[in-house]
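[1] Would you be able to build a 3D model of this:
(3 chains)
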Amino acid sequence: MDLILVNLIDGLVTGLLLFMLSAGLTLIFSMMGVLNFAHASFYMLGAYFAFQISIYLGFWVALLIAPPLVGLMGAGVERYGLRRVHQYGHVPELIFTFGLALLIEEVVKFFCGNDLQPYTQPEILNFTAFAIAGNSIPAYKVFMIFCSIGIFLVLLYVLTKTRVGMIIQAALSYPRTVEALGHNVPLIFMGVFGVGTALAGVAGVIAGPVLGTFPGMAFVLGSIVFVTIVIGGLGSLWGALVASLLIGWITTFAKTYNVGAADVLTAIGFEKPVDLSESALRDLWTLTSPQIADILPYLLMVLILVFRPYGLFGKRDA
Amino acid sequence: MINKTKLGLAAVLAAGISASAAFAENIKIAFIDPLSGPFAGTGVNGLHQFEFAAEKLINEAGGVLDGKMFEIVGFDNKISPKESLIQLQVAIDQGIRFIAQGNSSGVANALTDAINKHNRRNPDQRVLFLNYAAVDPALTNDKCNFWHFRFDANADIKMDALTDVIASNEDIKKVYIIGQDYSFGKAVAAAAVRNLEAKRPDIEVVGNELHPIGKVKDFTPYSRKIIASGADAVITGNWGADMVGLGRSVVESGYKGPIFTYYAAGSGITAAFGEAGKGAILLVGEGQVNPPVSDRAAEYYKAYKAKYPDGNIDQGRIANVIEMLAKAINEAGSADDVVAIANALEGMEHDALFGGKLKMRAVDHQIIQDVHISAHTDENVTFDYDNSGYGVVSESVVTMAAADSATTCQMKRP
Amino acid sequence: MTDGAQTNRSYGGLSVGAVLPWVIGAILLLILPMIFQERSALTIMNQMSITIIFALAYNMLLGQGGMLSFGHAVYMGLGGFFCMHILNWVEDGHIFLPLPFLPVLGGLFGLGFATIIGAFSTRNAGTVFAMISLGIGELVAACSVIVVAFFGGEEGISGDRTYATFMGVEFLKQIEVYYLTAFWLMLSAVLMYLFSRTPVGRMANAVRDNPERAEFLGYSARWVRFYSFCASGFFCGVAGALFAINFEILTEENLNATTSGTILLVTFLGGVGFFFGPIIGAVVFTLLQTVLSLSTELWTLYAGALFVLTVMFFPGGLSGLIMMHVIPLRFGKFNLLVMPYIKTLIPGILGVFGLSALVESLFHLRHSAVGDHEMTLFWTTFDSHTVLPWVVMIAVTGVGFYFARANWPEMRAAWDEANTAPTVGNVLSETKPAVDPDTVNPVAEMQGEEGKS
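    Next comes the predicted model:
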């Protein structure tokens, strides 16, 4: 029972982290209709900037400076790259971000090398917040939870209650009309792209010490972010939240509880072969849930797309 | 030999492929490992260690065969088996007869298979495969061949040594085994279970599981399970980011016992563990860095650090590869007759730079050497890793580990 | 597709203009191994041929059908894995199959798997299709390390192609394998070209540009996508079989996301708008990957930069860049461009070389060993820790780009001039055959179609 509670907390941490990434991505998608493949690269940039800044000025300053820096770079990419490619259509746009992801990784490697960076959490949060049945929950994880929830609330408030949010929402659906009303739609696009990438930057600053800061970190997380927003429904902030938490909990529980394929198969009436070494299906029989935990989201995505192409909360066709 | 002096269009390709044909005097060793991509860090560091060993141990001492120098030629295989095979062809076309590779058993398998075929199909251009780090036991068992020599202790040998240490520790009653879901992870798990059963039947294996390789973002759920199982020791063959992720998360989640590892040092991993790994991380491997075994070893290490301040000698066996190859070439009296060189390597005995004796077992071309269990610590560290103040200090040693272990190798000699 | 409106186009008919490129290609394939005789060169050319087939098959979806796939390595990989198993069965004497026919089976396996996946993934185009392909790609790649019985785990599965002689050829030598690969390259390319000229191939273009309109014409967009997808799967399988024959090993890398991503880059780099685009992309990329990587560790940086710049400035890819010059050629005004090109591009190339020299030196300065100051670039050896080489490099870069920039307006003007028809009257009739029908307005294409349906 205790373990369930611990797992719920762990899953929440994973899910909220995923949400910080997917929130920015889904915002960008709903605004510009472009799936930003380089989104996780901005997450990586956040971690690398934060590490470099934290060497000189400490973690907290890094948390303040790195995300705006990443956001600025994001805005620059939109202004000088994406806007140019936009005229050619969506596929070149997508491919542009795909190439950008590649390029960012190479540039990071050029300057910082290939090794893992010794980016660690601040000393002040380096203690055990509380323990449940011998399982300690580090204070840093509690900090991560509060950070992400805070960001979600701010985002929700800005989007639904402020004038800027209203304009953004309007520009989502009727960009021409908004432009005719005298708003600078390209500027809004640039701003949204900047804010979205800055959010990814925050995720990088916070997750870097926990998940490791290395050149492959964007690649590891890259496609799962897409999976999240596709499951949640493209363009839906709530969908991104629900899908992130869903993925966080599914993977956590699948890793913790060893459900073997053999148990499932025998339960539904199949008979286990006596000599497994000869059977062509031997790998199926020995399969356990931790082995496949991290690919379950992909399976979920394919199933959702086949049966409900607009995702859980999406209003329009993806 | 193919005539390389074609002009015209051929020059375009040839410019890249046979750029260094001018140094025909040198004995060239092709280093085929990742020099770009996610594993470039390990590959580049290995290349530096090879270059340094060739320069320091052989060339500065006057070379082999009355003055022929060693030259290491790096080939980037992007850790892809396909690219490795292409680069192997390029290396052979450049007249290179010695292939060194180590990162990824998958690549090593592809290479040993391709080299075996190549040597059978082209008897006049045979090459030797000097495997310095790929530890899949199959390479010196079912898949062994005459051209492959392994200078690292294979996964089974390391596990044999590691379980000796576990067996002698009466406090360990429960062991948890976790690894990456691929051939090496599975080999480690199988060897651990087999050895523990034989040496300490009272030890309970409370967990034995695999996780997807390079895909896990958060190891906390695994750590929770490890703690819930009440394990006194954890054994893992993880490497790279998977190693750091697992180790850190296990320690942070409140686990207090030792974590026995294969690859938890160097390439930024030591720095990433830092204080958290102290008293928890134990490594199994060959070559003793701390305390230095001899003045010669200490001097060698210092010279390396002077040349590569950001690098580490985390693969002491690379010096063994170079020294033993030089010895074999001298014994064979030729740098081209790879059969004679291979015969000289078979059964060769040698004193390793980083301590202990080496013996290249003739029956399966697996080297037999001392295996150390070292601890990750910041005390008594003469040479640290990653300039972090932390390093590995040898705690116990198994001399000539698994010297008489069985092999299924049926070597076909030319 | 027999209506008169289109017979004046070059497809289908055996005019000299239509056959000539193929003849040149075949001759080139025949004589290349006589120029490049090294085994490594042959291996690289084989790798190119395989990538070309794969990229052409990929472009059947991306360029001709407008479907973006992020998991296309699966079809080539699975075809290859099946072929490797068959190769081993044949070697053990269970069945008999001459090696040159293996690609047929590989293709059929690719086709079979594409049929299964295509049955549900081609229902929608656009993002849904792309994301399903991403998911399937990840799932199959994950399976490849879990299901060891079939995929052989991390080591993959290997075999031996030299099991039997076929018409006196044992496939022991690289050159024999080269001609086998070249034959299949030629055959697949011709078949894929012909496919793009069939009604289904034409409708794929229509569905790409305006699925609704195609539906109104009575064509099911879904089935058209499905047929393209299956055909693409077939040729991916052929490429997979050739991979099995060439490298005699298949591993997890043949299925993973990196391979899928690479083929997208290759195809787009070459250009999706023209049939021959992916061929250029495959040749250039293989050279980058295999030959440039011998010279510099930074090759991925250059490849990435090249790719991003291509997307930004030449969305038509390298083939689009080449085909831009057809109009000036038709107008007989190409000579107008020669001088401005020389004046702009030579400084530009110089500037690029200078820049890459700067990048390399910076890399050397940061990452080289202490005391190792010497480096060699462009056949010049210098000390990267002294000022002079830096001054030279910065000067070369600066001067190069300055002159390129200064001459840019002139080139621009010449370009505009060269693209203006000499006399207004014959513009239309002159330009029409110059441009590949794949890229221009498929709606006009469909108007011919309307009469039929």
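[2] Does A:Met301 touch A:Val225 like I think?
    No. Proximity of A:Met301 to A:Val225 does not meet the contact threshold set by Cβ atoms under 8 Å, at 11.6 Å. Backbone N, C-alpha and C define where each C-beta goes, glycine included.
[3] what's the neighbour count on whichever residue of the stretch 151-300 of chain B sits closest to chain C?
    For the stretch 151-300 of chain B, the residue closest to chain C is B:Tyr182, as judged by Cβ to the nearest Cβ, at 4.1 Å. Neighbouring residues of B:Tyr182 were enumerated by other Cβ atoms under 10 Å in any protein chain shown; the total is 24.
[4] Return the residues in contact with it.
    Residues touching B:Tyr182, when contacts are defined by Cβ atoms under 8 Å, 6 or more residues apart in numbering or on different chains, comprise B:Gly106, B:Ile213, C:Val145, C:Gly153, C:Glu154.
[5] Next, count neighbours for B:Arg248.
    Residues near B:Arg248, counting by other Cβ under 10 Å: 23.
[6] and if you look at A:Leu63?
    Neighbours of A:Leu63 using other Cβ under 10 Å come to 19.
[7] coming back round to it: closest one of the contacts of B:Tyr182 to C:Thr43?
    Ranking the contacts of B:Tyr182 by separation from C:Thr43, with Cβ to Cβ as the measure, puts B:Gly106 on top at 19.3 Å.
[8] elements contacting the helix or strand encompassing the closest one?
    According to DSSP states H and E, B:Gly106 maps onto helix B:105-121. In this structure, helix B:105-121 makes packing contacts with helix B:81-93, strand B:98-101, strand B:128-131, strand B:148-150, helix B:183-199, strand C:157-158, strand C:249-250, judged by 3 or more Cβ pairs under 8 Å, 6 or more residues apart in numbering or on different chains; DSSP states H and E.
[9] winner for burial among these?
    Of all the helices and strands packed on helix B:105-121, strand C:249-250 has the most neighbours on average by mean count of other Cβ atoms under 10 Å in any protein chain shown, namely a mean of 28.
[10] can you list contacts of that one?
    Where contact means Cβ under 8 Å, 6+ apart, the residues beyond strand C:249-250 that reach it are B:81, B:85, B:110, B:113-114, C:77, C:80-81, C:84, C:152, C:156-159, C:240, C:243-244.
[11] Could you name the helices and strands sitting against the very next helix or strand once past that strand?
    Stepping forward along the backbone from strand C:249-250, the first helix or strand reached (DSSP H and E) is helix C:257-270. The elements that helix C:257-270 packs onto, with contact taken as 3+ Cβ pairs under 8 Å, 6+ apart, are helix A:90-112, helix C:39-65, helix C:73-91, helix C:126-146, helix C:277-287, helix C:299-313, helix C:317-323.
[12] try 6 Å this time
    helix C:39-65, helix C:277-287, helix C:317-323 (3 or more Cβ pairs under 6 Å, 6 or more residues apart in numbering or on different chains; DSSP states H and E).
[13] related to what we said a few turns ago, looking only at the helix holding B:Gly106, what residues are buried by neighbour count?
    Residues of helix B:105-121 classed as buried by neighbour count (16 or more other Cβ atoms under 10 Å in any protein chain shown): B:105-120.
[14] give me the residue from the stretch 1-150 of chain C nearest chain B.
    Going by Cβ to the nearest Cβ, chain B is nearest to C:Ser40 of the stretch 1-150 of chain C, at 4.0 Å.
[15] mind showing which ranges of chain B have poor pLDDT?
    Within chain B, the stretches falling below the threshold (pLDDT under 70) are B:1-24.
[16] Which element is encountered next along the chain beyond the worst-scoring helix or strand of chain A on mean pLDDT?
    Evaluated with mean pLDDT, DSSP states H and E, the helix-and-strand set of chain A has its lowest mean pLDDT in helix A:282-285, which scores a mean of 75. Next helix or strand after helix A:282-285 toward the C-terminus (DSSP H and E): helix A:289-292.
[17] helices or strands next to that following helix in the packing?
    strand B:204-211.
[18] contacting residues around stretch A:26-41?
    Under the criterion Cβ atoms under 6 Å, 6 or more residues apart in numbering or on different chains, residues A:25, A:93-94, A:97-98, A:100-101, A:104, A:172, A:189, A:192-193, A:196, A:200, A:218, A:221-222, A:225, A:229, A:234-235, A:240 lie in contact with stretch A:26-41.
[19] Quick check: ChimeraX command selecting the buried ones in those.
    Under the burial definition 16+ other Cβ under 10 Å, those of the contacts of stretch A:26-41 that qualify are selected in ChimeraX by:
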select /A:25,93,94,97,98,100,101,104,172,189,192,193,196,200,218,221,222,225,229,234,235,240
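[20] Within reach of chain C, which of the contacts of stretch A:26-41 are there?
    The overlap between those and the neighbourhood of chain C (criterion: Cβ under 6 Å from any Cβ of the partner chain) consists of A:Leu100.
[21] Name the residues of the stretch 51-200 of chain B found near chain C, please.
    B:76, B:80-82, B:85-86, B:89-90, B:93, B:106, B:109-110, B:113, B:121, B:181-183.
[22] make it 8 Å
    In this structure, the stretch 51-200 of chain B approaches chain C at residues B:75-76, B:78, B:80-83, B:85-87, B:89-90, B:92-93, B:104-106, B:109-110, B:113-114, B:117, B:121, B:136, B:138, B:181-184, B:186, judged by Cβ under 8 Å from any Cβ of the partner chain.
[23] Checking B:Val234 next. Helix, strand or coil?
    Per DSSP: H, G, I helix; E, B strand; the rest coil, the local secondary structure of B:Val234 is strand.
[24] residues in contact with it?
    Going by Cβ under 8 Å, 6+ apart, B:Val234 touches B:Val175, B:Tyr176, B:Ile177, B:Ile178, B:Ile226, B:Val250, B:Tyr255, B:Gly257, B:Pro258, B:Ile259, B:Phe260.
[25] Okay, and C:Ala189 sits in which element?
    With elements delineated by DSSP H and E, C:Ala189 resides in helix C:174-197, which encompasses its position.
[26] what about the residue of the stretch 1-150 of chain C closest to chain B, distance to C:Ile342?
    35 Å (Cβ to Cβ, to the nearest Å).
[27] For the stretch 251-400 of chain B, which segments are assigned as helices?
    Counting by DSSP state H, counting those that start in this stretch, the stretch 251-400 of chain B forms helices over residues B:269-273, B:295-307, B:317-332, B:338-345, given from the N-terminal end onward.
[28] Pick the most deeply packed of the ones you listed.
    helix B:269-273 (a mean of 27).
[29] Quickly check: it near chain A or not.
    Yes. Against chain A, helix B:269-273 shows contacts by Cβ under 8 Å from any Cβ at B:Ile269, B:Ala271, B:Ala272.
[30] which bits of the stretch 101-250 of chain C sit near chain A?
    Residues of the stretch 101-250 of chain C lying near chain A by Cβ under 8 Å from any Cβ: C:120, C:123-124, C:126-128, C:130-132, C:134-136, C:138-139, C:142, C:146-150.
[31] And for the stretch 301-414 of chain B?
    Contact residues of the stretch 301-414 of chain B with respect to chain A, defined by Cβ under 8 Å from any Cβ, are listed as B:Asp310, B:Asp386, B:Ser388.
[32] Could you rerun that using 7 Å?
    B:Ser388 (Cβ under 7 Å from any Cβ of the partner chain).
[33] so B:Lys173 touches B:Gly230, yeah?
    No. Between B:Lys173 and B:Gly230 there is no contact, the gap being 8.8 Å when judged by Cβ atoms under 7 Å.
[34] Return the distance of stretch B:118-137 from the chain's centre.
    For stretch B:118-137, the separation from the chain centroid amounts to 16 Å (computed by Cα atoms, centre = their mean, to the nearest Å).
[35] what residues does it touch?
    Counting by Cβ atoms under 7 Å, 6 or more residues apart in numbering or on different chains, stretch B:118-137 makes contact with B:92, B:97-105, B:108-109, B:111-112, B:115, B:139, B:147-152, B:154-156, B:183-184, B:187, B:315, B:317-318, B:321, B:325, B:338-339, B:341-342, C:172, all of which sit outside it.
[36] just the residues of helix B:269-273 next to chain A now: which is nearest A:Val164?
    Nearest member of those to A:Val164, counting by Cβ to Cβ, is B:Ala272, at 40.5 Å.
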